[in-house]
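S.K.: Sequence first, predicted coordinates after that:
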Amino acid sequence: MFKFNVESSVFEDAVRKIMIAIPASNKQGTGDCIQMTLYKNVGESGRSVGIFLAFNAKIEAISTMEIRDVASEEKEMKVFVSGSKLAAAASAFGALDTVLEITVNKEMSISGAGSKVSLPLGEDIAKINPNEAMQITAEMETEAFVKFIEFSSSCYQDTKGVHGMNCVGLRFDLQQNDLSATSSNGSRAVYAEIPDITIRRVEKKSDQAAPDESGVEDTKITITVEGNILKSAVRNLGGKSKITISTDGKRLVLKKGAYVIIILTSEQAFPFDSVVQIMQKNEDEGIWKAPIDKIMQALSIYEITMEKPWLEIKKNGESKMSFQGKDELTTASVICAQKGEIDRVVLDEKQFKEALSVFASRYTRSTEICIGVSDEKLPVSVKKNQEDANCIIIMPIAS
């Protein structure tokens, strides 16, 4: 038997962090077990801790909680319990803001504030060894990494399609010391980068990648991760402390303190270089610059009579751009700064609005953004400023 006390908020937080990796239950309502390991008086500090581990065949999550008032003859106990039921219990008790008494014996009993829940124990689960050596590792501020992932995962295709369009490509460049990423749904694409970070190769010399035919060692490691998994993985990575990002090509490991997320990379081929090449070749010959909220307001007016998401953006004098539909029933204008040669371009309004929404969630709505145009047959770019490497492009449609 292992009995201990824990704050309900601490318990809820620890369970919430592994929810992204809880497997789905089968038709019999089983098969969704997670692992809970309890330790009494660990190390010189004598702390007692509980560690949760969940794995759903694509992502593994490990979280830790500090426990107290432990009553047990055993120093360690490992059990398995339904992840979905544990999550429901953690959420319910978390709302009570109380101290929980948890007893693990033939079942897991959770008591607090006059309520009690008993969960049956399950069977052992498959899992990934979180301590295996990685090939390369990088460290950066957590907030910067989360914003980077949120931006770079804004354009993947929601459903599985060809060329890994439901994925995000990430590249570690050991020579340039930067981390870059891109995603695309075929109609729009995004590129993001974090420059000036330290990326280290941590493998043994005997395991290093062999030089290519030119005799130059590969300094770029590119991996592919399913977009919905990556986007979900960073939701619990709050705070200002640093995060460590590691990979061996087969796994992407995110570690922030005692919280660990291991994502299995996708075997789908993602056209990282092709997407980046398209974006880099797209040089803006003209730019409109206006606040995000003013552009969104103009789109709302345009949408009043919109039957199809066909949007014409064109120059309107020297200080305005206009939005107009194919039926010409509504015209909405935005006061803006203009630079270079600008005429018109036709876009899918939904794709354009999705791109704007990414910037609206990233900055204040009064922030000015740049809309870059090259030719009516070439992609339109959206970025915070003209020199910014972080960019979304939208493919034009037939006019």
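M.R.: Nice, I can see it.
S.K.: Helix or strand for residue 293, just tell me which one.
M.R.: For residue 293, the element it lies in under DSSP states H and E is helix 292-302.
S.K.: Could you export that helix as CSV, keeping only the C-alpha atoms?
M.R.: As requested, C-alpha coordinates have been extracted for helix 292-302 and formatted as CSV (Å, rounded to 0.1, in the frame of the first residue of the first chain):
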residue,chain,number,x,y,z
ILE,A,292,-4.3,44.2,-38.8
ASP,A,293,-7.7,45.4,-37.3
LYS,A,294,-8.3,47.8,-40.2
ILE,A,295,-7.7,45.0,-42.7
MET,A,296,-10.0,42.6,-40.8
GLN,A,297,-12.7,45.2,-40.6
ALA,A,298,-12.6,45.7,-44.4
LEU,A,299,-12.8,41.9,-44.9
SER,A,300,-15.9,41.8,-42.7
ILE,A,301,-17.6,44.4,-45.0
TYR,A,302,-16.5,42.4,-48.1
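S.K.: Please shift the residue numbers so they start at 19 in all later answers.
M.R.: Fine by me, first position is 19 from now on; the one you just mentioned is helix 310-320.
S.K.: Adjacent strands (with direction) for the helix or strand just after it?
M.R.: Sequence-wise, the next helix or strand beyond helix 310-320 is strand 328-333, with elements assigned using DSSP H and E. Sheet partners assigned to strand 328-333 using DSSP bridges are listed as strand 338-342 (antiparallel), strand 362-366 (antiparallel).
S.K.: contact partners of the helix holding residue 311?
M.R.: Contacts to helix 310-320, defined as C-beta atoms under 8 Å, 6 or more residues apart in numbering, come from residues 329, 341-343, 348-354, 367, 370-371, 374, 377-378, 381, 383-387, 389. For the C-beta atoms, the positions are set from N, CA and C on the backbone; glycine is no exception.
S.K.: Just the buried residues of it, please?
M.R.: If you call a residue buried by 16 or more other C-beta atoms under 10 Å, then helix 310-320 has these buried ones: 310, 312, 313, 314, 316, 317, 320.
S.K.: From residue 269, how far off is the residue lying closest to residue 19 once chain neighbours are set aside?
M.R.: Computed as C-beta to C-beta, 6 or more residues apart in numbering, the closest residue to residue 19 that is not its neighbour in sequence is residue 123, at 4.5 Å. Residue 123 sits 35 Å away from residue 269 when distances are taken as C-beta to C-beta, to the nearest Å.
S.K.: Looking at these two, which has the bigger crowd around it?
M.R.: Ranked by neighbour count (other C-beta atoms under 10 Å), residue 123 and residue 269 place residue 269 first, with 20 against 12.
S.K.: Go ahead and confirm the more buried one touches residue 151.
M.R.: No. In terms of C-beta atoms under 8 Å, residue 269 does not count as a neighbour of residue 151; the distance is 11.1 Å.
S.K.: out of the strands paired with strand 328-333, nearest to residue 112?
M.R.: If you check each of these against residue 112 by C-beta to C-beta, strand 362-366 wins as the nearest, at 42.6 Å.
S.K.: Any buried residues in that closest one, and which?
M.R.: 363, 364, 365, 366.
S.K.: which one of the residues you listed is nearest residue 335?
M.R.: Set against residue 335, the nearest of those by C-beta to C-beta is residue 363 (17.1 Å).
S.K.: Identify the bridge partners of that closest one.
M.R.: Each beta-bridge partner of residue 363 is listed here, defined by DSSP bridges: residue 331.
S.K.: still on that earlier bit, take the contacts of helix 310-320 and keep only those in strands.
M.R.: Counting by DSSP state E, the part of those found in strands is 329, 341, 342, 349, 350, 351, 352, 353, 386, 387, 389.
S.K.: Quick one: mean pLDDT for the longest strand anywhere in the chain?
M.R.: Among the segments of the chain that qualify as a strand by DSSP E, the longest is strand 77-89. Here the mean pLDDT over strand 77-89 is 97, rounded to a whole number.
S.K.: likewise stretch 271-279?
M.R.: 96.
S.K.: circling back: just want the angle from the helix holding residue 311 to strand 328-333.
M.R.: Counting by axes from the mean of the first three to the mean of the last three C-alpha atoms, to 10 degrees, helix 310-320 points 130 degrees away from the direction of strand 328-333.
S.K.: from the chain's centre, how far out does helix 310-320 sit?
M.R.: A distance of 28 Å separates the C-alpha centroid of helix 310-320 from that of its chain, computed with C-alpha atoms, centre = their mean, to the nearest Å.
S.K.: Do you know the pLDDT at residue 287?
M.R.: Here the pLDDT value assigned to residue 287 is 83.
S.K.: what's the closest non-adjacent residue to it?
M.R.: With sequence-adjacent residues excluded and distances taken as C-beta to C-beta, 6+ apart, residue 287 is closest to residue 182, at 5.7 Å.
S.K.: ok, now residue 71?
M.R.: Of all residues apart from its sequence neighbours, residue 53 sits closest to residue 71 (C-beta to C-beta, 6+ apart), at 4.3 Å.
S.K.: now residue 139
M.R.: Leaving aside its sequence neighbours, residue 139 sits nearest to residue 97 (C-beta to C-beta, 6+ apart; 5.3 Å).
S.K.: Any idea what that neighbour is bridged to?
M.R.: If you apply DSSP bridges, the partners that residue 97 bridges to are residue 54.
S.K.: I'd guessed it sits against residue 123; true?
M.R.: No. At 9.5 Å, residue 97 and residue 123 do not qualify as touching, with contact defined as C-beta under 8 Å.
S.K.: So which of the strands paired with strand 328-333 is nearest residue 409?
M.R.: Among the strands paired with strand 328-333, if distance is taken as C-beta to C-beta, the winner is strand 362-366, at 15.4 Å.
S.K.: what's the offset of that closest one from the middle of its chain?
M.R.: Taking the mean C-alpha point of strand 362-366 and that of its whole chain, the gap between them comes to 30 Å (C-alpha atoms, centre = their mean).
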